[in-house]
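Peer 1: no sequence for this one, just the structure:
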């Protein structure tokens, strides 16, 4: 699969753009674990052109994580064009436009998935961004605003006509948010359209290697994208790679997975500061499958998620790892 001249190989698996998750450190770890391509956190066009420090920091790319995309969002054409030009100077491999984020503070203001209620504006922004930069431009969106307006098959063609080089489709509507299940049959209909020639990346509920393989085999997508299942478990990309036939990424032991989490924590605190870095990493700790199945874990979990110093948090992780090593009932727990 190619995005412009960027070759992602056969059956590529992408790390989804996720706010407060896909920072530079996490992207690199996922790349090392087998992700074919990574995406930045959401970059607000309005904040970027105002040179807000927290937003400009999102433009940082590690050379070893490439290929990578920076994703931008906004609701007006001129700021999106200006933001795209600023992003181009950061030298990502391509630029992705976010027309899929369903959260109220984004979609409720007309950006992200909110654009699914104003298709002419969506197309205007897409065409203008494509024309403004030399990098390939891609789009990530959803099936439609709600069940009665699942317009993605027609919309995909119109976005292609604007000049995008790939399309990622999350198999839910905006009204679903993250509830229910992703409709991969609708994603397949997009791919089956003979008039669509750009790659289609499917997204939604890819939580295992088996499900990723099914997405390729059953629904015919060119690539798959993994989002929430990677939080606290970046090794899922290795699991998927092996399920798809790769043998160059070995399975990690439990100890190696703990080492990865410790690395995330350390790099998060080094990138921001100790207190805010720990706050940032709590979402990964809360979601990690490493801590599932542990008896009488509630108090330790609470302590882990309340720790506010690096030494305290690392000591708790050491304790948890010892608990797992000492509990025969969890010795072979699949993490």
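Peer 2: Alright, I've got the coordinates. The structure displayed is predicted, hence computed values, not measured ones.
Peer 1: looking at it, residue 244 is touching residue 216, isn't it?
Peer 2: Yes: here residue 244 lies in contact with residue 216, judged by CB atoms under 8 Å, at a distance of 7.5 Å. In this view, the C-beta of every residue, glycine as well, is placed from N, C-alpha and C.
Peer 1: okay, and the common contacts of the two?
Peer 2: residue 11 (CB atoms under 8 Å, 6 or more residues apart in numbering).
Peer 1: for residue 243, what are its contacts?
Peer 2: For residue 243, the contact set (CB under 8 Å, 6+ apart) comprises 208, 209, 210, 212, 213.
Peer 1: mind redoing it with 6 Å?
Peer 2: For residue 243, the residues meeting the contact criterion (CB atoms under 6 Å, 6 or more residues apart in numbering) are 209, 213.
Peer 1: same deal with residue 55?
Peer 2: Contacts were defined as CB under 6 Å, 6+ apart; by that measure residue 55 touches 44, 47, 48.
Peer 1: right, and the last one touches residue 82 too?
Peer 2: Spelled out, it's residue 48. No: the pair residue 48 / residue 82 is not scored as a contact, 8.1 Å apart, by CB atoms under 6 Å.
Peer 1: the two - which one has more neighbours?
Peer 2: Comparing residue 48 with residue 82 by neighbour count (other CB atoms under 10 Å), the higher total belongs to residue 48, at 23 against 16.
Peer 1: the more buried one and residue 91, how far apart?
Peer 2: 15 Å (CB to CB, to the nearest Å).
Peer 1: one more: residue 298?
Peer 2: Using CB to CB, one obtains 46 Å as the distance from residue 298 to residue 91.
Peer 1: spell out the secondary structure type for residue 246.
Peer 2: Assigned with DSSP: H, G, I helix; E, B strand; the rest coil, residue 246 falls in the coil class.
Peer 1: ditto for the one 10 residues further on
Peer 2: When the structure is split into helix, strand and coil by three-state DSSP, residue 256 lands in helix.
Peer 1: and the host helix or strand of residue 260, what other elements does it pack with?
Peer 2: If you go by DSSP states H and E, residue 260 is part of helix 254-271. Identification of packing neighbours for helix 254-271 by 3 or more CB pairs under 6 Å, 6 or more residues apart in numbering; DSSP states H and E yields helix 274-287.
Peer 1: rewinding a little: among the contacts of residue 55, which ones are in helices?
Peer 2: Members of the contacts of residue 55 lying in helices (criterion: DSSP state H): 47, 48.
Peer 1: turn the contacts of residue 55 into TSV, including pLDDT.
Peer 2: Formatted as TSV, the entries for those read as follows, by pLDDT from 0 to 100:
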residue	pLDDT
44	97
47	97
48	97
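Peer 1: excluding chain neighbours, give the residue nearest to the residue nearest to the spatial centre of the chain in space.
Peer 2: Averaging the C-alpha coordinates of the chain gives a centre point, and the residue nearest to it by CA atoms, centre = their mean is residue 16 (1.6 Å). Setting aside the residues directly before and after it, residue 16 is nearest to residue 227 in space (CB to CB, 6 or more residues apart in numbering), at 3.5 Å.
Peer 1: against residue 101, how distant is the one you found?
Peer 2: Between residue 227 and residue 101 the distance is 11 Å, computed by CB to CB.
Peer 1: would you confirm that the residue nearest to the centre of the chain contacts residue 228?
Peer 2: No: look at residue 16 against residue 228 with CB under 6 Å: they stay out of range, at 8.1 Å.
Peer 1: so what's the residue count around residue 2?
Peer 2: Neighbourhood size, residue 2 [other CB under 10 Å]: 15.
Peer 1: okay, and the beta partners of it?
Peer 2: When bridges are taken as DSSP bridges, the partners of residue 2 come out as residue 7.
Peer 1: what pLDDT does it get?
Peer 2: We have a pLDDT of 96 for residue 2.
Peer 1: outline the domain layout of the chain.
Peer 2: Residue ranges for each domain of the chain read 2-243, 254-330, as given by automatic domain parsing.
Peer 1: just the terminal-to-terminal distance for the first one.
Peer 2: Its first and final residues considered, domain 2-243 spans 22 Å by CA to CA, to the nearest Å.
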